[in-house]
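A.B. asks: one predicted model, sequence on top.
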Amino acid sequence: MPKSKDTTSADLHPRTNEDVLNAVAWAAGSKIPLEVIGQGSKRGLGHPMQTAHTLNLAGLTGVTLFEPEELVLSAKAGTPIWEIIELLEEHNQELQFEPMDLGPLLGRPSGQGTLGGLINTNFCGPRRLKAGSARDHILGVTAVSGRGEMFKSGGRVVKNVTGYDLSKGVTGSYGTLAVLTDVIVKVLPKSETEQTLVLEGLTDQQASHAMSLAMGSNAEVSGAAHLPAGIGGTSSMTLLRLEGFAPSVEYRIGNLAELLKEFDRQQKLDASSSRPEWQKIRDCIPFSTHQQRCVWRISCTPSEGHKIVQAISNATSIEHFYDWQGGLIWVQVEQAGDSKADLVRAAVRANGGGHATLVRAPTSIRQTVPVFEPQATPLAALSRRYRENFDPFSILNPGRMGA
Amino acid sequence: MSGLIMPELDQEVLKRRLEIISALVRIVPGEGVVFDENEMRVFESDGLTAYKALPFIVVLPETVGQVAEVLRYCHQQGIKVVPRGSGTSLSGGALPLEDAVLLVMSRFNQVLEIDYSNRCAIVQPGVTNLGITDAVASKGFYYAPDPSSQIACSIGGNVAENSGGVHCLKYGLTANNVLGVELVTIEGEIIRLGGKHLEAEGYDLLGVITGSEGLLGVVTEVTVRILQKPETARALLVGFPTSEDGGQCVADIISDGIIPGGMEMMDSLAIQAAEDFVHAGYPLDVEALLIVELDGPEAEVDYLIGRVEEIALKNKSSTLRISNNEEERNSFWAGRKAAFPAVGRISPDYYCMDGTIPRKELPTVLARMRELSEQYDLRVANVFHAGDGNLHPLILYDANIPGELEKTEEFGAEILKLCVEVGGVLTGEHGVGVEKRDLMPEMFTEDDLKQQQRVKCAFDPDQLLNPGKVFPQLHRCAELGRMHVHKGNLPYPDLPRF
């Protein structure tokens, strides 16, 4: 292999799977850490890293297979997400897990990000309740492990139990196990239309009850969020989204309104007013303005969400709103320069458990506070062994998910 | 068992049988340890009855503590362990080994908690799939994945196999409906993955465990998503003169944005057998019969029935019936649900295969299968989860004819290779087990398989859990961990850099 003149710092831009394989094999052989990035839109997520070299996949692009009637799409990991979304839209299809656009929250332009980045972070939108997240829609991957070996898992069909599901196994791994080169995902028809039932003026606790009633009904609710006063408007708003074929949505929203008639301040949003509301919730727009404030993403038992918020807000001043029936809480800490990590995590532990991720914080805080939920010792040890069996020398995004 | 090589028996362990029995009895007292040959016979095979082996010792623990202690003991003593749920696996996943403790989880049969506010249930792994639905049905809820063995198969086994069913195109597989598990590792550590919250933290080990066929750990508790039952369901029964027309109809339904609750197809031999058996009123002059079930609110179902009817007519359907009540809907399903036993009636034995193919390849695969059928001189009937491309060819044979089982297995292997060749996979829902183990290299390269086995090393470095299943070749973890280092300099100076 030809020698490079300067190996102190490099930005590698592979164009093919072979390039990726060679780059990682070189790094593995020399035990040189790499920061793996796509467009860099989510670089501010996770622990800051000290890597001299970057492996930039933004040039590894292109949809390699799209068969709408087979509900499958395969693309190179560096393919821009918007490109995939637009292509699907032309065929009335979508990634049903509603990819979150982290740009606004992290103080970057919106509309950025690659398929690889999406899979590696596994962030999804309000439809999580009904459709799952990226890990529920991934069918197959090709990747280069930190050992510098190319492997594939899964395939292009929905129903497949051949071998371990390493496609899920690398989803949400923040690039710490393997460098994805190809991703195959399940795509699904877009809903013909949607409507949202809004209940106004509920407290967090009342909203929790209302959302639970709605989710337990057969109205097929595909979004259940609560925006307290100040976030949604002058009074609080509890939003319940119904999607599907027009006659079905019309019928279900009638039933749902009837079921929730005890909450009498109701209004309905048609598709054109409903869509932007859910997009704001998906992308955490309410917390996009004060970039210096820390933002937590808490995944918890839905019915316990409001208790967690209560416990945190008893001790410090926060802003918050709920998605996923209360099972996802976005919390913005008002006091700049303090994440309140211990407080937040203790509140989650005391109220049904779950986990809290510090999605936005200044670098100095992310250097010292665990960004991801610390795990119990046996699970932490298992996770470490799991990582080591993909990347024995910790050359891929070392430390990004913590020790 | 034709030509299947299992891991070499550990003679040292075999010699210590009595000592091991008494140690296990101390951990699981009472009737929790079975070692009498006659009593162990009942465990000698699972749903794949062509393969049999007498277990070394059978243990039926009752508590998580006992599971942990049994595993810790076996790990310390280097004794292999084969976990087993209800034993309904169709791929030999729970096939005993003669030097392995068979860990039977059937006593873990309690529903621990039903939480309607959070739409989930926490159950022990020995609870049957249908048992979960039964426990929540009074409030109108159900558990969605519905493998055909649901009356008997356990949820623990469903997790191990990532079981599907006829409704999984719309409602997902086990992996999409499990929120959390408690798992005991071979070292006896108790680990929790996920819970009532919607996503587990850290690496998606829950996703890796699901479908791992008992090779990574023993599940002792499962938290599942429960759903409100759809308001109504109606079905269409549509016959086509050719499988191409039927296949095109399926593609057009999906292209129209419709995801039916269930979509099943049968070929002419399966239709004939089913009709002779249950007299469901199936048309006998068609090459392909499609059942499309739409479920949901009444307004939606009625609307979509009309749309699917239109699509079917456009695709040259020769017969079309629409259910107007539950009785009719059930009669449409009666033949499909009885398809396996119906085929069993027209042949002394049948061998059920389980490949998945891209749907559009169905006509090609059926045509090639007809050629193979002639070549092997064995009949084959096909039932097909048409929505998701999961094909179940049933090969008809007679085990009493010398050599016919071997010929059948060879034919089956050819079918699975064909599935892989057209872009599909070896198994859609039955698992690899021992049955498809040696075909794994048809689908995976050596590097692919080694990376999977390294995951196994993270959980079970001594490879004591269910060895001889899934992977054609056992590699020592030390060997898998070795690096073939390419020391060197920065590659490809011509790669664009900035």
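C.D. replies: Looks like it came in fine.

A.B. asks: mind checking how far the nearest residue to A:W296 once chain neighbours are set aside is from B:D99?
C.D. replies: Among residues not flanking A:W296 along the chain, A:V331 sits closest, at 4.3 Å (C-beta to C-beta, 6 or more residues apart in numbering or on different chains). Heads up, the C-betas are built off the backbone N, CA and C, glycines and all. Using C-beta to C-beta, to the nearest Å, A:V331 is found at 54 Å from B:D99.

A.B. asks: next helix or strand past whichever strand or helix holds A:W82?
C.D. replies: In this structure, A:W82 sits in helix A:81-90 according to DSSP states H and E. The helix or strand immediately downstream of helix A:81-90 is strand A:93-94, counting by DSSP H and E.

A.B. asks: could you report the pLDDT at residue 5?
C.D. replies: Defaulting to chain A. Here the pLDDT value assigned to A:K5 is 41.

A.B. asks: I was thinking of chain B, sorry if that wasn't clear
C.D. replies: We have a pLDDT of 91 for B:I5.

A.B. asks: so it: helix, strand or coil?
C.D. replies: coil (DSSP: H, G, I helix; E, B strand; the rest coil).

A.B. asks: what of B:E113?
C.D. replies: Per three-state DSSP, B:E113 ends up strand.

A.B. asks: just the closest residue of chain B to chain A, please.
C.D. replies: B:G207 (2.9 Å; C-beta to the nearest C-beta).

A.B. asks: how many neighbours does that residue have?
C.D. replies: Residues near B:G207, counting by other C-beta atoms under 10 Å in any protein chain shown, number 28.

A.B. asks: off-centre distance for the regular element (helix or strand) spanning it?
C.D. replies: Secondary structure from DSSP H and E places B:G207 in helix B:205-209. Mean-position distance between helix B:205-209 and its chain equals 16 Å (C-alpha atoms, centre = their mean, to the nearest Å).

A.B. asks: same question, stretch A:87-107
C.D. replies: 11 Å.

A.B. asks: quick one: it near chain B?
C.D. replies: Yes: Stretch A:87-107 is in contact with chain B by C-beta under 8 Å from any C-beta of the partner chain, via A:N92.

A.B. asks: for that stretch, measure first residue to last.
C.D. replies: Terminal residues of stretch A:87-107 are spaced 27 Å apart (C-alpha to C-alpha, to the nearest Å).

A.B. asks: skip the chain neighbours and tell me the closest residue to the residue of chain A found nearest chain B.
C.D. replies: When scored by C-beta to the nearest C-beta, chain A has A:K168 as its residue closest to chain B, at 2.9 Å. The shortest distance from A:K168 to any non-neighbouring residue, by C-beta to C-beta, 6+ apart, is to B:G207 (2.9 Å).

A.B. asks: residues contacting that neighbour?
C.D. replies: A:R135, A:D165, A:K168, A:G169, A:T171, B:A175 (C-beta atoms under 8 Å, 6 or more residues apart in numbering or on different chains).

A.B. asks: show the contacting residues for the fourth one.
C.D. replies: Spelled out, that is A:G169. Contact partners of A:G169, counting by C-beta under 8 Å, 6+ apart, are A:S153, A:L177, B:Y203, B:D204, B:L205, B:G207, B:V208, B:V455.

A.B. asks: how about residue 311: what's its closest non-neighbour residue?
C.D. replies: No chain was given, so I picked chain A. Per C-beta to C-beta, 6+ apart, closest to A:A311 is A:A347, 3.8 Å.

A.B. asks: was after chain B, sorry
C.D. replies: B:D252 (4.9 Å).

A.B. asks: show me the shaky parts of chain A.
C.D. replies: Within chain A, the ranges that satisfy pLDDT under 70 run A:1-8, A:403.

A.B. asks: sorry, that was for the stretch 101-250 of chain B
C.D. replies: In the stretch 101-250 of chain B (pLDDT under 70), no residue qualifies.

A.B. asks: ok, which stretches of it are strands?
C.D. replies: B:111-115, B:120-123, B:141-142, B:178-184, B:190-194, B:218-225, B:227-228, B:232-240 (DSSP state E, counting those that start in this stretch).

A.B. asks: how many other residues sit next to residue 293?
C.D. replies: In the absence of a named chain, chain A is used. There are 20 residues near A:R293, going by other C-beta under 10 Å.

A.B. asks: my question was about chain B
C.D. replies: So B:E293, with other C-beta under 10 Å, has 22 neighbours.

A.B. asks: sec struct for it, please.
C.D. replies: Of the three states, B:E293 takes strand according to three-state DSSP.

A.B. asks: close enough to count as contact, A:P374 and A:M401?
C.D. replies: No: assessed by C-beta atoms under 8 Å, A:P374 is found out of contact with A:M401, at 11.2 Å.

A.B. asks: these two: which is more packed in?
C.D. replies: Neighbour comparison, A:P374 and A:M401: the larger count goes to A:M401, with 21 against 15 (by other C-beta under 10 Å).

A.B. asks: and the more buried one, how far from A:R366?
C.D. replies: 12 Å.

A.B. asks: burial of the residue of chain A closest to chain B, as a residue count?
C.D. replies: 26.

A.B. asks: show me which residues of the stretch 251-400 of chain A are close to chain B?
C.D. replies: So the stretch 251-400 of chain A meets chain B at A:251-252, A:255, A:299-303, A:324, A:327-328, A:352-355, A:357, A:372-373, A:375-376, A:378-379, A:382-383, A:385-390, A:392 (C-beta under 8 Å from any C-beta).
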